[in-house]
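Peer 1: Pasting the sequence and the predicted model now:
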Amino acid sequence: MPQDKMEKPYLVTCTAPVNIAVIKYWGKRNEELILPINSSLSVTLHQDQLKTTTTVATSKSFHEDRLWLNGKEEDINHPRLQSCLREIRRLARKRHNDGDPDSSDSTGLSQKVRICSVNNFPTAAGLASSAAGYACLVYSLAQAFGVEGELSAIARQGSGSACRSIYGGFVQWIMGNKDDGKDSLAQQVEPETHWPELRIFVLVASAERKPIGSTSGMQTSVQTSRLLKHRAESVVPSRMVEMIEAVRRKDFPAFAELTMKDSNQFHATCLDTYPPIFYLNSVSQQVIHLVHRYNKYYGETRVAYSFDAGPNAVIFTLQEYASEFVRVVQHFFPSDTNGEGFIKGLPVKSATLSEELKQGIGLEPMPKGINYIISTKAGPGPRVVEDSSQHLLSSEGLPKKTV
């Protein structure tokens, strides 16, 4: 093979989704391996609206590993990133040494890598960017190095919730009991096609970086919150069983109530942390009031909210109620972009609100409280991008100008 062809990088591009936990993970029993103190369950959001895209390049001409994130070069020696890279390389070497006929050093077992990753949504604003990011990183590296099989345990070592983004649909992360973390894995409960009527809206109240990151917040909670210990041992195990049942039966009222109660309890453990952690703001609180008053008006649970470690609400509802509830949000959170730019993603039909409903909810409007809404649904797990023009790295292994 001519020398110049040998040195051209081998490029792989993949996308991976965000997931939103409806039974929350908060707190680790092992910081290094990222082993949780309780199991959790999430819904994978559709990549057409929220995704990370990652290109991995391997070449013998690269002298060192390098990483670019959202257009900026970052330190690739971050311990979590290195543990994912090390584990993928170890598995690739093992496969090669086991004599797999399809495995050869052309996949670059000893080669350095260049990684370029972009999110199409705000990073570190409580929208699960690290989950999508590490799931995409691990999946892309696995494709580049020819590694197959269980990847969720590797993604978990980058970011705990990333293990759930390895699968589409409804996913549980089983906490496991082993010290080495080998049984702490994600598992699909139902595929994304299971509940087509379910609609999801992300109400973006703030796209800013959150004041306290999840990692440091969890550490403080584990050290100081008695409620967190009670939650992990006495509340979550039965909630997991109930939630899986609700999903399988497509029982929206049961799913919705569990989702809201679990979100509330997670934020209660943040308040029970010393010093307390506040992820919700006045807009978040207004959304909570709005959902409960809307449900009360109809005398049934039609809408649910969930908040991760940030102020942005994730709303779950059914297709038949989606357009009216979005209109309710537009009415009580009037915005400059309340027209075209306010709703991004899946189209939402227009609806009119009765005066009776507005009066029944009875809240004071909060102008500009919500910046915009991302309209989405449950979606698939990571995917390989076949179109080579979509690579984020050039044939020299450097970020393209558009990144």
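Peer 2: Cool, the structure landed.

Peer 1: so where is the stretch 151-300 of the chain shaky, pLDDT-wise?
Peer 2: 206-210 (pLDDT under 70).

Peer 1: Show the residue spans covered by the strands in it.
Peer 2: 170-174, 185-190, 198-204 (DSSP state E, counting those that start in this stretch).

Peer 1: Compare the ones you listed and report which one is nearest to S214.
Peer 2: strand 170-174 (14.7 Å; C-beta to C-beta). No exception for glycine: its C-beta is placed from N, CA and C like everyone else's.

Peer 1: what residues are up against the spatially closest residue to F307 that is not a sequence neighbour?
Peer 2: In space, and not counting its chain neighbours, F307 is closest to S263: 5.3 Å by C-beta to C-beta, 6 or more residues apart in numbering. By C-beta atoms under 8 Å, 6 or more residues apart in numbering, the contact set of S263 is 24, 305-307.

Peer 1: what's the farthest-apart pair in the residues you listed?
Peer 2: K24 and Y305 (13.0 Å).

Peer 1: Could you check which of these two has the larger neighbour count?
Peer 2: K24 (26 against 21; other C-beta atoms under 10 Å).

Peer 1: close enough to count as contact, the more buried one and M260?
Peer 2: No. The criterion here is C-beta atoms under 8 Å, and K24 misses it with M260 at 11.8 Å.

Peer 1: in the stretch 101-250 of the chain, which spans are helices?
Peer 2: For the stretch 101-250 of the chain, the helices defined by DSSP state H, counting those that start in this stretch cover 129-145, 152-156, 214-224, 226-230, 236-249.

Peer 1: So for Y10, which of the ones you listed sits nearest?
Peer 2: helix 129-145 (6.7 Å).

Peer 1: Check which residues of that closest one are buried.
Peer 2: Of all the residues in helix 129-145, those buried under the rule 16 or more other C-beta atoms under 10 Å are 129-145.

Peer 1: Give me the angle between it and helix 214-224.
Peer 2: Orientation check (axes from the mean of the first three to the mean of the last three C-alpha atoms, to 10 degrees): helix 129-145 against helix 214-224 gives 120 degrees.

Peer 1: So what angle separates the directions of helix 129-145 and strand 185-190?
Peer 2: Going by the same axes, to 10 degrees, helix 129-145 makes 100 degrees with strand 185-190.

Peer 1: OK, contacts around L357?
Peer 2: 297, 328.

Peer 1: Is it inside a helix or a strand, and which specific one?
Peer 2: helix 355-361 (DSSP states H and E).

Peer 1: chain center to that helix: distance?
Peer 2: 35 Å (C-alpha atoms, centre = their mean, to the nearest Å).

Peer 1: Likewise for stretch 240-247?
Peer 2: 20 Å.

Peer 1: same check, this time on stretch 212-220
Peer 2: Worked out by C-alpha atoms, centre = their mean, stretch 212-220 lies 17 Å from the chain centre.

Peer 1: Tell me the buried residues in it?
Peer 2: Quick answer for stretch 212-220 (16+ other C-beta under 10 Å): 212, 214, 217-218, 220.

Peer 1: ditto for stretch 280-294
Peer 2: 280, 283-284, 286-288, 290-291, 293-294.

Peer 1: Kindly report the same for stretch 296-315.
Peer 2: 297, 301-315.

Peer 1: what about it, how long is it end to end?
Peer 2: 16 Å (C-alpha to C-alpha, to the nearest Å).

Peer 1: repeat for stretch 41-48
Peer 2: OK, stretch 41-48 end separation, C-alpha to C-alpha: 22 Å.

Peer 1: Tell me the buried residues in that stretch?
Peer 2: Buried, per 16+ other C-beta under 10 Å, within stretch 41-48: 41-47.

Peer 1: so which of those residues comes closest to E32?
Peer 2: Closest to E32, out of all of the buried residues of stretch 41-48 and judged by C-beta to C-beta, is S42, at 23.0 Å.

Peer 1: Quick check: next helix or strand after the host helix or strand of that closest one?
Peer 2: Counting by DSSP H and E, the element that carries S42 is strand 40-44. Sequence-wise, the next helix or strand downstream of strand 40-44 (DSSP H and E) is strand 51-59.

Peer 1: centre of the chain versus the helix or strand following that following strand, how much separation?
Peer 2: Using DSSP H and E, the helix or strand that follows strand 51-59 in sequence is strand 66-69. In terms of C-alpha atoms, centre = their mean, the centre of strand 66-69 is set 20 Å apart from its chain centre.

Peer 1: Packing partners of the next helix or strand after strand 66-69?
Peer 2: Next helix or strand after strand 66-69 toward the C-terminus (DSSP H and E): strand 72-74. Applying 3 or more C-beta pairs under 8 Å, 6 or more residues apart in numbering; DSSP states H and E, one finds that strand 72-74 contacts strand 66-69.

Peer 1: Which element, helix or strand, includes the nearest residue in space to V202 that is not next to it in sequence?
Peer 2: Nearest in space to V202, with sequence neighbours left out and distances taken as C-beta to C-beta, 6+ apart, is I374 at 4.1 Å. Assigned by DSSP H and E, I374 belongs to strand 372-376.

Peer 1: I would like the residues contacting that strand, please.
Peer 2: 45-46, 48-50, 121, 199-204, 326, 329, 335, 337, 341-348.

Peer 1: Same question for stretch 264-276.
Peer 2: 24, 26, 217, 220-221, 224-228, 231, 235, 277-280, 307, 309.

Peer 1: in it, what counts as buried?
Peer 2: 265-267, 269-270, 272-273.

Peer 1: from the residues you listed, which ones fall inside helices?
Peer 2: 265-267, 269-270, 272 (DSSP state H).

Peer 1: Pipe these into CSV and attach distance to V241 per row.
Peer 2: Converted to CSV, these look like this (distance: C-beta to C-beta, whole Å):
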residue, distance to V241
Q265, 16
F266, 18
H267, 23
T269, 21
C270, 25
D272, 25
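
Peer 1: and the contacts of strand 372-376, which are buried?
Peer 2: 45-46, 49-50, 121, 199-204, 326, 329, 335, 342-346, 348.

Peer 1: Need the residues that contact stretch 283-299.
Peer 2: So stretch 283-299 is contacted by 203, 205-206, 260, 301-305, 307, 311-313, 315, 325, 328-329, 332-333, 357, 360-363, 366, 369-370 (C-beta under 8 Å, 6+ apart).
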